[in-house]
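**Student:** Kindly generate the corresponding structure for this input.
(chains A and B, ligands or ions: 2)
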Amino acid sequence: MSSNTTIIPSSLSVKDLPWQIVWDKDKCTLCGKCTAICPVHAIELGVFRKRMVDVSLGIGAPPGNVFKTFYGIRQKTAPAYHCIGCAMCAMVCPSDAIMPCRTDEADKLRFHINQGGEPERRGGRRNSPGGVLDRIKFIRISMLTDPALDAGRHEFEMRTLLGRILPPEENIRFVREHGWIPPVREIYPLIIGGMSFGALSPTMWEGLQMGVAYLNEELGMPVRISTGEGGCPPRLLRSRFLQYVILQIASGYFGWDEIIHAIPEMKVDPCAVEIKYGQGAKPGDGGLLMWHKVNRLIAAIRGVPPGVSLPSPPTHQTKYSIEESVAKMIQSMYMAWGFRVPVYPKISATSTALAVLNNLTRNPYAAGLAIDGEDGGTGAAYNVSMDHMGHPIASCLRDCYQNLVSVGQQNEIPLFAGGGIGKSGNLAANAAALIMLGASGIQVGKYIMQAAAGCVGSESGRCNICNIGLCPKGITSQDPRLYRRLDPEDVAQRIVDTFVSFDTELRKIVAPLGRSTSLPIGMSDALGVDDAAVAERLKIKYVV
Amino acid sequence: MCRLFAITSDTPVSPMKALYALDVMREGHDGSGVGLFLRDLAGPFEEMKDAPILSGIFTEDGIKRLDSYMIDIGFLTKYRITFKISKNPPPGVPKRDIYLIRAYEYPEEWEGLSQTEKQDRLLGLRLTLQDLGREKKDMIVFSFWPDTIMIKEIGDPMTVGKYLELDNERLKARVIMAQGRQNTNYAIDLYACHPFFIQGFSTMTNGENTAFVPIKEYLMSRGVNGYTGFYSDSEVFVHILHYMTNRLGLDVESYKHIITPLQDDALEEHPNGMFLKHLKKSCRKLIIDGPNCVIGVLPDNTMFMVQDRKKLRPGVVGGRAGTFAFSSEICGLDAFMPYRDKTKDFQPMHLDTVVVKPDRKEVNICHQTQRLSHLH
Ligand code: SF4
Ligand code: SF4
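**Tutor:** Ligands and ions are numbered 1, 2, ... in the order given. This next block holds a predicted model:
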């Protein structure tokens, strides 16, 4: 810092930032790739001064100093340009000369990231590593009397049902009397959760859709993907691939004009309609697509002017009360497709989830309930919502399942759990634990971005700039210069890799438990945890 | 593992025959317990097919409590079998006061009741007696049902049989199920011993049911009196059978379609595919997933055997018109009927349901991929 600069309260040093750039002068060739790729312009070409001792060879001449300048990489310290630790600089550096490092203490930046009175917003995750799901173990291993199964060779039926299932008595009667039986989809238990066209880049979306189509049509895995709130590209709406898609409607109704108009031209029905009432990452807050990402394509699909932020209201405005809202919306969505498409709400995990569920048990049309826990991801949210609002998924899901058991409807309203599943990389183990706690299926988003598209976000505050359209991997950007980094074919390939390996891992979990004929939904006797309070809360075994 | 042996025969048979067959298969069980189910009774009970018979084990106090309770509600003893047991039971068999088999006369006010009402009340009564007995640990009640006797005890099957002198004209029956158990539950609770019974249905199983907890939770939430207890993970088999028959009105050939449904490609081709797909979805919570061989008897004395989807347990059916036996192993069958036509022995595989109807003319095999015959 030069001596004539004034220090203001928000003047920070490199040490005050969450990420510090370590740069090696001897390796750097000054190619400039790092400064060019940095999504937030956190580094620039810097001029530095150095002193060298000058030892004269002449007798009697005293040694002196020479001062020289040299060029290198300088990290900016203004809050607006803080390094986000994405490490794109490290990725492109041909000499491995640069690397972001996490600060060794709590950063000071957090106190200054509200310049102009605007609290910080970000995308991504809650940045809270670990969690109860990672601690749950599968303890009921089949031995001798019920031999463990062969994950590689036995036949497995790892499928779940999405849709309202009638009690057996009624179902049999309705089959005989040709009554209306709610539509039920048999799908793969791992669903790609709602990430909108808009939040995601076109290349990412295309890759996801291609991967899903391949899994269905070539590998026979009925994987489904939710659109999120942002509509659906017109050609997809009119293609056979729509059957793999869950259309989401949320409080902004973005894209639904297009969808409704496409109904007469649809070749197939969508898999289901998901009515989003809440999102785990920012419960009680509506969706948000910041203006950076609303380009002409997105604006056209969503039916809005380009270049404006698109905040969805926190709740569906057209309805008077939640009960009415749920009942009427479910019914009108059923009506739109002639009662052939299951319709279910998605809520954020909350201590009031049981009230919603009780409502649904009395609504004969409700096709399920998706619950999104606090560890869910988002394209954009206020820090405070992400960090402090929300309810963990495990106990919320468990309460809901046990409530269904107590009213005898545990096979009738499938519960889908989401929110941070696999956030530590243990996707199959987390998913299996939730299934055994009572989930019929799992919704996953961030894991897919990490595994299929190389999202660099982590649970320790890395990157998370999904909101401003500068995603360094081109996953959540609408800027062609950025999203061209992502080849849809590669994304599709990784989607397939991810699901196929998940499937193997899931079998590796259920086979030793002696399960293969059906998904072990609610098989809580297989679960144990090394914390008595958690065990008691989730009604599973306490093991040490 | 446990061993199972069941007989259905036109001529009444002594239960000792079944215990003898179990003894031959003793390598497959550890003699830690035995359970017997007798039905289509001969001897004295032949004359009182409608009288409900109470089977159980009582202490001296227990029997007094039972008597006063039954008299209070108007049940009078019609006939009883007393076991003269020696003071000291053989090693491994606990000392009991009274093994009870007693036929009752219905109270007068039950006379006008419909059959279903009567059956529901009998079930309720058995559950009440069980609860009473559990309170003071002085009564264990296995069944309370017309034309049905159940005996269960800890110990080696043959030893128990001889000790109770089961080779007894008065105990002969035309339908017998017997199980020799392998103790997998440590402290043995007699309520965890097979066969299990509810309202005329009985099943016994060899194996382990890994989907027990979700199935149990589902059955318990059906609002049906009697889907309780669950001391053994195999108890759900009889409840599923009862639920399927009484609540869903389905036939025994649908049993496998509920507990081990076909996979989807097979359902596509099935002549009743549409119906079965619905059945599979709506009864998804009743899908079993363990290695299990189930032998069961329906209220009309039809006897059947099914295997799990992977067929991980042994089971064989053989015999001749008039007498058939269902056994875990062929050696058991050989011990009981050495002179049958062995080429007709049948070992059901993962898709088969073996059924011997009450006429005992032949072994019927329903293949799960075949059209259901009784679907109305
Ligand atoms: S880590 Fe990312 S944000 Fe930080 S300097 Fe490197 S490229 Fe820029
Ligand atoms: S890499 Fe892209 S998607 Fe991942 S956290 Fe960064 S901005 Fe978000």
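
**Student:** quick one, what contacts the residue of the stretch 101-250 of chain B found nearest ligand 1?
**Tutor:** Residue nearest to ligand 1 within the stretch 101-250 of chain B: B:P214 (47.8 Å; CB to the nearest ligand atom). Just so you know, the C-beta spots here come from the backbone N, C-alpha and C atoms, and that holds for glycine as well. Going by CB atoms under 8 Å, 6 or more residues apart in numbering or on different chains, B:P214 touches A:Q410, A:P520, A:I521, A:G522, A:M523, B:K285.

**Student:** so it sits in a strand?
**Tutor:** No. With DSSP: H, G, I helix; E, B strand; the rest coil as the criterion, B:P214 is helix rather than part of a strand.

**Student:** Show me which pair in the contacts of B:P214 is furthest apart.
**Tutor:** Between any two of the contacts of B:P214, the greatest separation by CB to CB is 13.2 Å, found for A:Q410 and A:P520.

**Student:** Look up phi and psi at A:I192.
**Tutor:** phi -80, psi 110 (degrees, to the nearest 10).

**Student:** Skipping adjacent residues, who's closest to A:T77 in space?
**Tutor:** A:L12 (4.7 Å; CB to CB, 6 or more residues apart in numbering or on different chains).

**Student:** residues in contact with the residue nearest to A:K539 when sequence neighbours are not counted?
**Tutor:** Closest residue to A:K539 apart from its sequence neighbours, by CB to CB, 6+ apart: A:S524 at 6.3 Å. Going by CB under 8 Å, 6+ apart, A:S524 touches A:M436, A:L437, A:G438, A:L538, A:K539, A:I540, B:V213.

**Student:** Correct me if wrong: the fourth one contacts A:D531.
**Tutor:** Looking back up the chat, that one is A:L538. No. Applying CB atoms under 8 Å as the test, A:L538 and A:D531 come out as separate, 9.7 Å apart.

**Student:** who has more neighbours, the two?
**Tutor:** A:L538 (23 against 15; other CB atoms under 10 Å in any protein chain shown).

**Student:** do you know how far the residue of the stretch 401-544 of chain A found nearest ligand 1 is from ligand 2?
**Tutor:** Per CB to the nearest ligand atom, A:P472 is where the stretch 401-544 of chain A lies closest to ligand 1, at 6.7 Å. Distance, A:P472 to ligand 2, using CB to the nearest ligand atom, to the nearest Å: 6 Å.

**Student:** Next, count neighbours for B:Y191.
**Tutor:** 18.

**Student:** B:L36 pairs with what?
**Tutor:** On the basis of DSSP bridges, B:L36 is bridged to B:I151, B:A178.

**Student:** So what's the predicted local confidence for it?
**Tutor:** The model reports B:L36 with a pLDDT of 95.

**Student:** ditto for A:H316
**Tutor:** For A:H316, pLDDT reads 76.

**Student:** For my notes, confirm it occurs in a helix.
**Tutor:** No. Counting by three-state DSSP, A:H316 falls outside a helix, being coil.

**Student:** and it, what does it touch?
**Tutor:** So A:H316 contacts A:S251, A:I275, A:Y277, A:S325, A:M329 (CB under 8 Å, 6+ apart).

**Student:** Kindly reformat these as CSV and extend each row with secondary structure.
**Tutor:** Shown next, in CSV, are these (three-state DSSP):
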residue, secondary structure
A:S251, coil
A:I275, strand
A:Y277, coil
A:S325, helix
A:M329, helix
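
**Student:** how about these in a markdown table, adding neighbour count and pLDDT?
**Tutor:** Listed next are these as a markdown table, based on neighbours: other CB atoms under 10 Å in any protein chain shown; pLDDT from 0 to 100:
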| residue | neighbour count | pLDDT |
| --- | --- | --- |
| A:S251 | 21 | 86 |
| A:I275 | 22 | 93 |
| A:Y277 | 23 | 89 |
| A:S325 | 19 | 72 |
| A:M329 | 19 | 87 |
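
**Student:** Could you export those residues as JSON lines, including distance to ligand 2?
**Tutor:** Below are the contacts of A:H316 laid out as JSON lines (distance: CB to the nearest ligand atom, whole Å):
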{"residue": "A:S251", "distance to ligand 2": "23"}
{"residue": "A:I275", "distance to ligand 2": "26"}
{"residue": "A:Y277", "distance to ligand 2": "25"}
{"residue": "A:S325", "distance to ligand 2": "32"}
{"residue": "A:M329", "distance to ligand 2": "30"}
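
**Student:** The residues you listed: which ones sit near chain B?
**Tutor:** Filtering the contacts of A:H316 for proximity to chain B by CB under 8 Å from any CB of the partner chain leaves nothing.

**Student:** per the record, what domains does chain A have?
**Tutor:** A:14-52+A:66-107, A:132-542 (automatic domain parsing).

**Student:** Perfect, I'm done here.
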